[in-house]
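Below are the sequence and a predicted model for it; my questions follow.
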Amino acid sequence: MTPPKDFTATVGSDMRVSQRRVLFVTRRTSPQVKTYDEERVQTFPEVLIRALLAIECMVIALVLMSLLFNAPLEGIANPTNTPNPAKAPWYFLGLQEMLHYFPPVVAGVLIPGLLIIALIVIPYFDINIEAEGLFLKNRQQRLRLSMIVAGALTIFLWFFDVYVALAPTVFVAALLVLAAFSTPESPSRFRRYLALRPISWWIMTWFLIELFVLTAVGTYFRGPGWSWVWPWRS
Amino acid sequence: MPSTIETYFDKLERTRMWRSIFRSGRGSSTLHNALAIQQNVFLHLFPTKVRKRMVGLEATWYLGTLTLGTFIILVVTGVLLMLYYHPSVPQAYSDVKDLQFVVSSGLFLRNLHRWSAHAMVFLAFAHMFRVFYRGAYRAPREFNWVVGVVLLLVTLLLSYTGYLLPWDQLAYWAITVGTNISSAVPLIGDKIHFLLLGGNQVNANALLRFYVLHCVILPLTAVLFLAVHFWRIRKDGGLYVRESEPGTAGAQPQPASEERKKL
Amino acid sequence: MQTHKTGFISSCKAFVRDPFRMFGIVSVVVLLLLTIAPAKDYLSEWHGYQRQYLNFIRNRGDAITLRRHFVGGIHQIWIPQLDVVDRCETCHVGLTEASLADVKEQPFRAHPVMPHKLTEFGCVICHRGQGAATTVNEAHHSKMAGEEPILPARYMESSCGQCHQGPLEGTPKLNRGRVMLSRYGCVSCHSISLPDGTKLEATDNPPPLSHIADKTTREWIYAWLKDPTSYSPSATMPNFGLSDADASDISAFLIANSVPQPGDQIALPAQGHGPEPDPAAGASLYGESFCASCHATQNAAGNLVGGDLGPELTNVGTKVKPEWLLGWMRDPQKYDPSTPMPQYRWTDAQLKVIAGYVQSKSNPDLLANVHLAPATRAQIAHGKQLVTEYGCASCHEIRGVPKPDNFGPNLSRIGSKPVVQLVFLPDMEHSLPAYLTQKIREPRSFGSTFRMPRYNFTPSQVEAVTTALLSLTDRSYSLPLSLQVPGMRETKYQPAGQAGQIMTNLNCLSCHRINGHGGDMAPDLSWEGSSVQRQWLDEFLKNPNTLRPALIRRMPKFNLTDAERTTLTDYMMTVYQTSSFQRDEMPLTGYTPEQIEKGRQLFYSKYACQSCHMVNPNEDKGYIGPTLTKVGARLNAAWIFHYLKDPQAMRPGTIEPNQHMSDDDARALTAFLMAQKTGAGQGAK
């Protein structure tokens, strides 16, 4: 017995000889057309089962966590008794940390607003699409430019005493310099990797590290009056 | 033993009721599997086929899937929690206390909701960064990236509005600190602050407002954008694969003509 | 073997790689987990305690009854109007089982007998803690904002004070603490108001310091400031822990700031030094005047004997100047218009004797080591600054230093202060009672910059004050008004007219209470005119003799002139009458022998009055109540009748039992008592 064919092409009963259907295929409309094809699997059941499996594993983790750790609940809200420090949820602590350094209109409105806009426009900048190593072309010029940007950012953060955000900036700048003096042929794997990173990668990585450091500092290193505390000291 | 189960399944699939519900018909052929996706109102958002090398864990880490998973947990536990909760002062707080102390499994429900909410925020961020580093935002997926950013914001707002609902000190002051930032918006800051809270400070009006946002407006928005998000995965050509990337076993790019010859 | 092992591993790998099998297994795990999630409830503490309880009662004799009473699950007392949701009974299962009263093992002991019903007030109102919680830690120890940990049992009386603003019989500690708050001048610096809006007033009568140089020396002030208890162990003045220099500067300022008051001092008699020392006559006059009713002195054994209304006099000769003492004895109100000391009408000779006697009570060693250099201007200025900084004017009147408002923090709701708002010392229990105790015992231990002085309190006194402070809670404000039991409200009553002047002069209200104002040392005089016969009152004022010979405190003899006495008697007989009956509605004499005999029988048999009272001093042995041997010459017949009918209505708080007598019985007893005129036990067998 031969396996059944996936599709059977027949001529529809409504077809008329005099008409032709033409399909125009362009580069940027769906479905995307590629010049090559590759092995595919059926979504049902192969992918679906794996997705469910992944979700189930997460459910196990979350259920175990719920059984072992209780969600925090403090005393009833009391407008006359301000806890010190009053902290926002953890995912906003990066912002709250910025609020400590900059006026609210900058830290609370300008920075998050610009961030959202930046995130939205990412795919519309061709600079992101190039995906070439930053220093593979015009190395001298680009190195100078990136050092100017990094330097300006450093001075700016220094001027406002934002040492918490300064450290990641200096760190990323150091990596940039390392990348500039690396080539895709470097003996070190790490330097080969850095040499191939495009500009968008550098910006996003800087942002990611800043986000992580600021959130961690806001969560663990801030005590009464938003002063610096060591979490293991209390 | 397995054969008996299979027989039962077989019988079940033959019943009129089963057939009336699942339109894909019997069988496990490629066609049937494709129909199972296409003919299902929920699943038809997804592509019927996925590149084999995108199925592995290392390609996506299943971060998007897991984010959806947390969302589903949150909807289920959230609806159950709503059964015990009054958005009023100070009843809200004692309701949460009652959940903790007397409602059967109430503490478990609240824990699960809380931890899943944190997990969802974390996973949404992780998903975004993963997509970025994979370069999966590139054309023609630009708009789906934007939808994703919107979903991230909705997720943050969902978590943030939910934060106030227990009406404890943590909630009250987190929301006070957060909403005070909105006053800093030039010119209309105070108006926005007033609009957010339904007053000039966090009080019963704010609680009601956040409750409605948390339980009705934001979840509906999330579902809407999730649908678009999934639909666009399919329409934008399935999960993104980097052309430079070597595929998994036997998936080297081949000219389409050769592929067809094989069949 | 080797191949087998490899085969096993690879089949494991294959198994793990097969998502369908994995899915099956993980699904089972998820289902299992979701099934056992409710076990979190079953493993909860209260379930454990209920199981423990069932085990505990199993071996008891009353197991069947207890088992029948037991109902599993969460129990709660819900009183919406009091905001009470108390689930304590969930774990404290045997709370209402009388047979479990002596159980050692908590949480199963029955609650001791209490004045309120459990179902009417719940648990948390008295014990604090978090009633809604069903875990020990949350219910007993939660200190988060708005939640109070369980109140230690030794402060339990404070909870009564949330509703009961007046003294209660069962709460001696609370009553004592409340008195101390006023008595030691706490409320002079810390304002404390009660839920009904009244403010606690200080009762310590701190002397004014504007004319202090008339009274005493800079050396004494210095020694007193350094340590008040070295002069007088019963001093209500606290110790400010002043340095030598600071004490010297303050004393310099007080002396320099003092202005002489005409009449404060009387020139001493020419012959002899100071008042005449005549120990025998002095002691006798001191006794006759009942100075010890108000002033204490240390006896040979070192114990304080006497009242505490006035200052201790053990070493007073070291303190006061002889010429000031004479002036004070003649007219105390000249120096201090608000003094509770009455003006005795002593003759000049008597004055000399009594002042000499008091002056002789001295201890020269006290000031032997005090040598102060003359004060400089800078010292005086610094002294004034210190006086302002330490808030001396909160209690004392000092010329040129205004009384500061709210010098210390307001304590009206101190009993509900959240623990999170307190700053604790290292190694200190983190609880409000512990904080208050430490703050009262050693105020400066929280930092040398704190101004609060240290009182020389015994541990039980500290506990009493802490209890009183803990009763000042937020809850006492939020409870329904119907639950509030106000205390005796102090009125501003002042007697008027000429008699009023005499009474003010004699400071009758220091000891007697009239119309809600005055002391509690002597009988309430509000209805004295209805209660006694005019002639008796007149005699009594001329020569007071006590009705209860066992008491130390007695009415002193004031040497009133006839005119003064008549004025007073007329006024009291006319003004201090009750509206509940007519004074003359029953005759003072003329009762028939039958009536008297019937009364006698009732007195000795039916009501057995002789167990507390005496009518026939030769036979009766009742010492608890006042002696009635001459009651017929003292009390008014109508008063006796109505008093017998309802003693508490005539004298609130009296221990005389209400026998619910019929009118006939009361009338007969009145006849019998009115016959007791000479003290011979008329009509008594």
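That came through fine. Numbering: from 1, shown residues only, chains lettered A, B, ... in the order given.

which strands and helices sit next to the helix or strand harbouring A:Val149?
In the assignment (DSSP states H and E), A:Val149 maps to helix A:139-159. On a contact count with 3 or more C-beta pairs under 8 Å, 6 or more residues apart in numbering or on different chains; DSSP states H and E, helix A:139-159 meets helix A:163-180. Placement of C-beta: from N, CA and C, glycine included.

pLDDT averaged over the helix it packs on, what's the number?
Helix A:163-180 shows an average pLDDT of 91 in the prediction.

Show the subsequent helix or strand relative to that helix.
By DSSP H and E, the next helix or strand past helix A:163-180 is helix A:189-195.

any idea how far the following helix or strand past that following helix is from the chain center?
On the C-terminal side of helix A:189-195, the closest following helix or strand by DSSP H and E is helix A:199-220. Its chain's C-alpha centre and that of helix A:199-220 lie 9 Å apart, by C-alpha atoms, centre = their mean, to the nearest Å.

Also stretch B:125-140?
For stretch B:125-140, the distance to the chain centre is 17 Å (C-alpha atoms, centre = their mean).

does it come close to chain A?
Yes. Judged by C-beta under 8 Å from any C-beta of the partner chain, stretch B:125-140 comes into contact with chain A through B:125, B:128-129, B:132-133, B:135, B:137-140.

Tell me the pLDDT of the residue of chain B at minimum distance from chain C.
Taking C-beta to the nearest C-beta as the measure, the point where chain B comes nearest chain C is B:Phe101, at 4.3 Å. We have a pLDDT of 88 for B:Phe101.

Could you double-check that it sits in contact with C:Asn137?
No. At 12.0 Å, B:Phe101 does not count as touching C:Asn137 under the criterion of C-beta atoms under 8 Å.

which residues touch the residue nearest to C:Tyr604 when sequence neighbours are not counted?
Excluding its sequence neighbours, the residue lying closest to C:Tyr604 (C-beta to C-beta, 6 or more residues apart in numbering or on different chains) is C:Gln610, at 5.9 Å. Neighbour list for C:Gln610: C:603-604, C:620-622 [criterion: C-beta atoms under 8 Å, 6 or more residues apart in numbering or on different chains].

Buried subset of those as a ChimeraX selection?
Buried members of the contacts of C:Gln610, defined by 16 or more other C-beta atoms under 10 Å in any protein chain shown, are picked up in ChimeraX with:
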select /C:603,604,620,622
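
Dead centre of chain B: give me the residue that sits there.
B:Leu68 (3.1 Å; C-alpha atoms, centre = their mean).

wouldn't that residue be in contact with B:Ala227 here?
No. With contact defined as C-beta under 8 Å, B:Leu68 does not count as touching B:Ala227 (11.3 Å).

re the thing from before, pick out whichever of the residues of stretch B:125-140 next to chain A sits closest to chain A.
The closest of the residues of stretch B:125-140 next to chain A, once distances to chain A are taken by C-beta to the nearest C-beta, is B:Tyr137, at 4.3 Å.

Can you report phi and psi for that closest one?
phi -90, psi 0 (degrees, to the nearest 10).

and what of C:Gly306?
Torsion angles, degrees, to the nearest 10, at C:Gly306: phi 120, psi 180.

can you pull the pLDDT of it?
So, for C:Gly306, pLDDT stands at 81.

Quick check: nearest residue in space to it, chain neighbours excluded?
C:Gly306's closest residue in space is C:Ala296 (C-beta to C-beta, 6+ apart), at 3.5 Å.

B:Leu151 is in contact with B:Leu226, correct?
Yes. Using C-beta under 8 Å, B:Leu226 makes contact with B:Leu151 at a distance of 6.7 Å.

Neighbour count for those two, which is higher?
B:Leu151 (23 against 17; other C-beta atoms under 10 Å in any protein chain shown).

tell me which element the more buried one falls in.
Assigned by DSSP H and E, B:Leu151 belongs to helix B:142-164.

on contacts alone, who are the packing partners of that helix?
Counting contacts by 3+ C-beta pairs under 8 Å, 6+ apart, helix B:142-164 is packed against helix A:111-121, helix B:106-134, helix B:169-182, helix B:204-212, helix B:218-235.

C:Leu309: which of those is closest?
helix B:169-182 (49.3 Å; C-beta to C-beta).

Can you give me the distance of the residue of chain A at minimum distance from chain C to C:Met144?
Nearest residue of chain A to chain C, counting by C-beta to the nearest C-beta: A:Gly75, 3.4 Å away. According to C-beta to C-beta, to the nearest Å, A:Gly75 and C:Met144 sit 4 Å apart.

Overlap in contacts, these two.
In contact with both A:Gly75 and C:Met144: B:Gln169, using C-beta under 8 Å, 6+ apart.

So what does the closest residue to C:Arg399 other than its chain neighbours have for phi and psi?
In space, and not counting its chain neighbours, C:Arg399 is closest to C:Ser210: 4.1 Å by C-beta to C-beta, 6+ apart. When read as degrees, to the nearest 10, the backbone of C:Ser210 gives phi -70, psi -30.

cool, and C:Ile514?
Given degrees, to the nearest 10, the pair of backbone angles that C:Ile514 has is phi -130, psi 130.

And the pLDDT for it?
88.

how about the strands in the stretch 251-400 of chain C?
Assigned by DSSP state E, counting those that start in this stretch, the stretch 251-400 of chain C shows strands spanning C:296-298, C:304-306.

So which elements touch the first one?
To tie it back to what came earlier, the one meant is strand C:296-298. By 3+ C-beta pairs under 8 Å, 6+ apart, strand C:296-298 packs against strand C:304-306.

Check which residues of the strand it packs on are buried.
Judged by neighbour count using 16+ other C-beta under 10 Å, the buried positions of strand C:304-306 are C:Gly306.

Return the list of strands paired to that strand, each annotated with direction.
Sheet partners assigned to strand C:304-306 using DSSP bridges are listed as strand C:296-298 (antiparallel).

Quick check: nearest residue in space to C:Gln50, chain neighbours excluded?
C:Gly72 is the one closest to C:Gln50 (C-beta to C-beta, 6+ apart), at 5.8 Å.

and that neighbour, which of the three is it?
Using DSSP: H, G, I helix; E, B strand; the rest coil, the three-state assignment for C:Gly72 comes out as coil.
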